[in-house]
Structure formats: C-alpha cells, structure tokens
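1. Mind folding the following:
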Amino acid sequence: MYIGPYQLSNNLIVAPMAGVTDRPFRTLCKYFGAGHAVSEMMTADKTLRMSKKSLYRANFDGELAPISAQIAGSDPEQLAEAARYQVANGAQIVDINMGCPAKKVCNKLAGSALLQDEDLVARILDAVVAAVDVPVTLKTRLGFLNGEENILRVAKRAEDVGIAALALHGRTREDMYLNTARYELIREVKKNINIPLIANGDIDSPEKAKYVLDYTGADAVMIGRAAQGRPWIFREIAHYLETGEHLAAPEIVEVKQVLMGHLAELYQFYGEYSGCRIARKHIAWYTKGLRSSNEFRQNMYKVENTADQAKVVESYFDQLLDQGRRMSDVQVEQVNLLEIK
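-> Predicted coordinates:
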C-alpha cells in the first residue's frame, strides 16, 4: 500500500489515540510489525503549540519513516498553518482528525463534530491539501448522527480535493464506541472511491483483520484499542494473513521483556514525574487478566517514582515466571480501554 510516494511495509496501521500513541508506543508497534503509525492528535491552535503536552506529541526524533502527524481543529487557516508547522517539524504525512468523538473536542466543533458541516469539511480539506507538498490523509467516521450518515459525500469530496488516503471508523459520533462497527458502509465507501481506504473499528484479532479486509475490500486495517498492552498483535496478524496459521501466544518472559523495555523508553521520554504516571495505564493494560493482577495494580498505583515502579513490575513478573505460567494459559478479562481519538 502507498500513501503518496511512501510504500508501507504492510497494510497494518496503528490508530492515532490521544494519550497513547506517543513516540515510544509507535516505535514499539512498528518493531512488532505495524507498517505505519499515526501520531496522537495535536491541536491546530498555535497558542497551545508550545505547551509541554504538545511538544511531547510533536516529538518524532529517530522515528521510522514515514512520519505521520495528526492535526485537529475547526478553522481552515489554522489547520493549514498547523500542517505547515508539522511538515517543518519533520512530518512526511499530515493527517486531519475528523473522527474524535470526545466531548471536549466536539464541543469546539472539531473532530467528528465537523461532519455536521460539509461545507466546512470541504474548506478544511482544500486548505490543508493546498498548504503542504506532502500527502494529506483523513481520519473520520460514518457521520455525526445515526440515520444521517454522510460519509459517501465526504469521502468523494476528500478524493476530489487530493486526500491521499482515507481512514474510516465504522461508527458515527453518536455511537461513540458502543454498538458494533458497520463494515457494510465501509465496503460501500471503498466501491465509490479510488484512493486507499483504511478500515478501523473493532479489529482485535488476526481473524477479524482478515475478515474486515476481505469483506470491505479495504487496502489496510487500522488497529487501536486492541494494541494497548498487546503491541505484538501486529506480529500475530501479519503472520496469520501470510500463512493462515496462528502464532503461539507470547510467553511471560517475553511480555516482561517488552514491558520493561517500554517502561524504560517512557521514563527516558517523559522524565521522572510524567514518566511514572503515564506508565501506569500501560502497566495496567499489559497485566490485565494475569494471575493476582488486580492486587498487583492496586499496589503499583501507589508507587510515586520510576525506580520503585520498575522494581514492583519486575518482581510481579518474576513471581509469574516462578509459577511457570504462559499467557496462553491465563484467562484474559475484558479491558475497559481508552477511546480512539
């Protein structure tokens, strides 16, 4: 699959998720076989561009190409200027967010709220594509309200203005993350456009990825929540698509190695205070469903520094290793994960 001049190594893409898809997480997913990753969304409001959070989100140092920066906002000129800024910052692809359903985003008429105003959508697409000489992609939903899905018109307008690829979450904003993703409408969109289409929503296993690719005709799949605490899902899906066979579940020793490495990257990237706190959710995702994990997490949340946090994590996994358990023997509980932004 190509996005503009960039050929991806495969058709498995990491979804942009606010507070999750930072540089350490993107790098880890690419290590495990993701062909592409999109940054967490960055505001087009230049007054917030130099905030500590924005600077972390715009850090692409050492990241594998192609680098994709997602921007969010509602003003066409602000978004155009933000696109130019991110290209100057190292982005090789700019992605426009019209899919986030979060209230704090939609209340500013950004994210999926934009789908209520197709004229504004068109002006934003025109402005951003004209502003930069790199590929511009669009992440969006089926529409704002159920029964008023307008994705066919939005997708066609995106193609006409020069959007290089469309990532489509199979829900409306009204759905949030309830109900199930509607792949039949994704399939209909694919039949009506000629640019690459990336299917997103509820893809949480190798079988589901293959089904969605086959059913919708999509050029790629985008995986978000299912990769939280499970970055090796890209390795599993790639193997299944190539061979039709399942890889063995990772052993506890590998999970420990991956998590400890991820923690080290988070600590280095964010520093002592933020690193410790941001790491907590990742530790929770990696350990959810493992033996005595609830008790472990309650104790882990009380730790206030990175050194002790790493020690309690290592100690917990050493106990599991002593018990000789494998992840494939553990019943994994359903996880209440962060929303894809």
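
2. Now L321. Nearest residue, chain neighbours left out?
-> Spatial nearest neighbour of L321, chain neighbours left out: I252 (5.6 Å); criterion: C-beta to C-beta, 6 or more residues apart in numbering. For glycine as for every other residue, the C-beta is placed from the backbone atoms N, C-alpha and C.

3. Could you pull up phi and psi at that neighbour?
-> phi -60, psi -40 (degrees, to the nearest 10).

4. Check G224 too.
-> phi -120, psi -90.

5. same thing with A165?
-> The phi/psi pair for A165 (degrees, to the nearest 10) is phi -160, psi 150.

6. Check the gap between the closest residue to N89 other than its chain neighbours and A130 for me.
-> Ranked by C-beta to C-beta, 6+ apart and with sequence neighbours excluded, the top spatial neighbour of N89 is A58, at 5.6 Å. Applying C-beta to C-beta, to the nearest Å, the value for A58 to A130 is 22 Å.

7. Looking at those two, which is more packed in?
-> A58 (19 against 14; other C-beta atoms under 10 Å).

8. OK, contacts around the closest residue in space to E81 that isn't next to it in sequence?
-> The shortest distance from E81 to any non-neighbouring residue, by C-beta to C-beta, 6+ apart, is to K46 (6.7 Å). K46 makes contact with 78, 81-82, 85, according to C-beta atoms under 8 Å, 6 or more residues apart in numbering.

9. Let's see if you can find the most crowded of the residues you listed.
-> Most surrounded of the contacts of K46: other C-beta under 10 Å gives A82, at 25 neighbours.

10. Quick check: closest non-adjacent residue to that residue.
-> A82 sits nearest to A44 (C-beta to C-beta, 6+ apart), 3.8 Å away.

11. what's the pLDDT at that neighbour?
-> At A44, the pLDDT value in this model is 88.

12. Among the contacts of K46, name the ones in helices.
-> 78, 81-82, 85 (DSSP state H).

13. Kindly reformat the residues you listed as JSON lines containing pLDDT.
-> Shown next, in JSON lines, are these (pLDDT from 0 to 100):
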{"residue": "Q78", "pLDDT": "95"}
{"residue": "E81", "pLDDT": "96"}
{"residue": "A82", "pLDDT": "95"}
{"residue": "Y85", "pLDDT": "94"}
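
14. which pair in those residues spans the largest distance?
-> Maximum pairwise distance among the ones in helices among the contacts of K46 (C-beta to C-beta): 10.3 Å, between Q78 and Y85.

15. For the stretch 51-200 of the chain, give me the ranges with low pLDDT.
-> 51-53, 103, 106-109 (pLDDT under 70).
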